[in-house]
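Asks: build me a model from this:
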Amino acid sequence: MTDIFVNLPTADLDRCQAFYTALGAKINPLFTDENAACIDWGGGAYFMMLTREFFATFTDKPVADPAATAQVMVALTRASREDVDAVMDIGLSSGGVEPRAPQDLGFMYSRDLEDPDGNVLSFFFMGPAAVEQGPAAYSDQARS
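Replies: Okay, the predicted model is just below:
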């Protein structure tokens, strides 16, 4: 298995740690200091929330301001539509913003959440038939 580390800039490490732990992630203290916070989602998925200054040491390119530009959107699955709505309620009450209306494609339900820095997370649920056989299988099942 390959672990996934997504590096994202933040203007406020304490604020981002509070936000992501409210969503259910854990902080890995072994990789958290004054420059970075390791947000552990479980299952080998991590966000490395880096101060903008520290983030800049890993690239020669300008660091985008996630409040003004989108460079990446991270999608995280949930077990049901209700779980999507529940995590969104927590995120919104913890300082997040929902930048667009929920998307219901029948086979998939998703909602976007901007963290306090503007990084975009998409929480989504996909029906079991679509997961196993693709979106067309959901359409076929819905018609019968």
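Asks: give me the domain ranges for this structure.
Replies: Listed domain ranges for the chain are 1-62, 70-144 (source: automatic domain parsing).
Asks: where are the low-confidence patches of this structure?
Replies: Applying pLDDT under 70 to the chain flags residues 1, 130-131, 137-144.
Asks: want to try CSV for the domains of the chain, with mean neighbour count as columns?
Replies: For glycine as for every other residue, the C-beta is placed from the backbone atoms N, C-alpha and C. Output for the domains of the chain, formatted as CSV (neighbours: other Cβ atoms under 10 Å):
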stretch, mean neighbour count
domain 1-62, 15
domain 70-144, 15
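Asks: wait, a strand at residue 58?
Replies: No. Using DSSP: H, G, I helix; E, B strand; the rest coil, the assignment for residue 58 is coil, not a strand.
Asks: nearest residue to it in space, please, no chain neighbours.
Replies: With sequence-adjacent residues excluded and distances taken as Cβ to Cβ, 6 or more residues apart in numbering, residue 58 is closest to residue 7, at 6.9 Å.
Asks: all helices of the protein, in order?
Replies: With DSSP state H as the criterion, the chain has helices at 13-22, 52-56, 81-93, 128-133, 135-143.
Asks: what's the closest of these to residue 74?
Replies: Of all the helices of the chain, helix 13-22 sits nearest to residue 74, with 11.6 Å by Cβ to Cβ.
Asks: that older thread, which of the helices of the chain sits closest to residue 110?
Replies: So among the helices of the chain, helix 81-93 is nearest, using Cβ to Cβ, at 7.1 Å.
Asks: now the closest one, how far from the centre of its chain.
Replies: Distance of helix 81-93 from its chain centroid, counting by Cα atoms, centre = their mean, to the nearest Å, is 12 Å.
Asks: same question, stretch 22-29
Replies: 13 Å.
Asks: ditto for stretch 108-115
Replies: 8 Å.
Asks: when you give positions from now on, start the count at 47
Replies: Renumbered: residue one is now 47, and that last one reads stretch 154-161.
Asks: how near is the nearest residue to residue 158 once chain neighbours are set aside to residue 160?
Replies: Ranked by Cβ to Cβ, 6+ apart and with sequence neighbours excluded, the top spatial neighbour of residue 158 is residue 168, at 5.1 Å. The spacing between residue 168 and residue 160, counted by Cβ to Cβ, to the nearest Å, is 11 Å.
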